[in-house]
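**Student:** let me see the structure of the following:
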Amino acid sequence: MITQVLQAIWSLSALGIIILVLLHSPKGDGIGGIGGQAQLFTSAKSAETTLNRITWMLAIIFMGITVILSAGWIK
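**Tutor:** This is a model prediction of the structure:
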């Protein structure tokens with residue numbers, strides 16, 4: 001049961017990382033370059049900062065669960 005929950009979280013974090021990496025702009029436009037300035041954020045810089053933090057958080061979750069599942073610590 002807990003393995004299935006971890007696998008679901010692992011899959012969702014992988015999907016989230018893919019989506020967020022695709023949202024990053026190579027020239028620093030970030031979310032603002034996708035069709036105008038995002039209304040959710042006050043500036044493009046805060047949008048990039050938030051996007052970076054969420055991406056790092058998902059990457060840490062993904063790697064942590066990868067280690068737990070691959071080590072076989074949970075049966």
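**Student:** so Ile74: helix, strand or coil?
**Tutor:** Under DSSP: H, G, I helix; E, B strand; the rest coil, Ile74 falls in the coil class.
**Student:** and stretch 62-71, how far from the chain's centre?
**Tutor:** In this view, stretch 62-71 has its centroid 16 Å away from the chain centroid, taken as Cα atoms, centre = their mean, to the nearest Å.
**Student:** show me which positions of it end up buried.
**Tutor:** For stretch 62-71, the neighbour count (16 or more other Cβ atoms under 10 Å) marks 62, 65 as buried. The way it works is simple: take the backbone N, C-alpha and C, and place the C-beta from them, glycine included.
**Student:** mean confidence for the longest helix anywhere in the chain?
**Tutor:** Scanning the chain for the helix with the most residues, using DSSP state H, yields helix 44-71. Averaging pLDDT along helix 44-71 gives 92.
**Student:** which neighbouring elements make contact with it?
**Tutor:** Judged by 3 or more Cβ pairs under 8 Å, 6 or more residues apart in numbering; DSSP states H and E, the packing partners of helix 44-71 are helix 2-23.
**Student:** quick check: angle from the helix it packs on to helix 44-71?
**Tutor:** In terms of direction (axes from the mean of the first three to the mean of the last three Cα atoms, to 10 degrees), helix 2-23 departs from helix 44-71 by 150 degrees.
**Student:** got the CA positions of helix 2-23 in PDB?
**Tutor:** What follows is helix 2-23, C-alpha atoms only, in PDB (Å, rounded to 0.1, in the frame of the first residue of the first chain):
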ATOM      1  CA  ILE A   2       2.600   2.500   1.000                       C
ATOM      2  CA  THR A   3       4.800   1.500  -2.000                       C
ATOM      3  CA  GLN A   4       1.900   2.400  -4.300                       C
ATOM      4  CA  VAL A   5       1.500   5.800  -2.700                       C
ATOM      5  CA  LEU A   6       5.200   6.500  -3.000                       C
ATOM      6  CA  GLN A   7       5.100   5.400  -6.600                       C
ATOM      7  CA  ALA A   8       2.200   7.700  -7.300                       C
ATOM      8  CA  ILE A   9       4.000  10.700  -5.600                       C
ATOM      9  CA  TRP A  10       7.200   9.700  -7.500                       C
ATOM     10  CA  SER A  11       5.400   9.700 -10.800                       C
ATOM     11  CA  LEU A  12       3.600  13.000 -10.100                       C
ATOM     12  CA  SER A  13       6.900  14.700  -9.100                       C
ATOM     13  CA  ALA A  14       8.600  13.400 -12.300                       C
ATOM     14  CA  LEU A  15       5.700  14.900 -14.400                       C
ATOM     15  CA  GLY A  16       5.900  18.100 -12.500                       C
ATOM     16  CA  ILE A  17       9.700  18.400 -13.100                       C
ATOM     17  CA  ILE A  18       9.200  17.900 -16.800                       C
ATOM     18  CA  ILE A  19       6.500  20.600 -17.000                       C
ATOM     19  CA  LEU A  20       8.400  23.100 -14.900                       C
ATOM     20  CA  VAL A  21      11.600  22.600 -16.800                       C
ATOM     21  CA  LEU A  22       9.800  23.200 -20.000                       C
ATOM     22  CA  LEU A  23       8.400  26.500 -18.500                       C
END
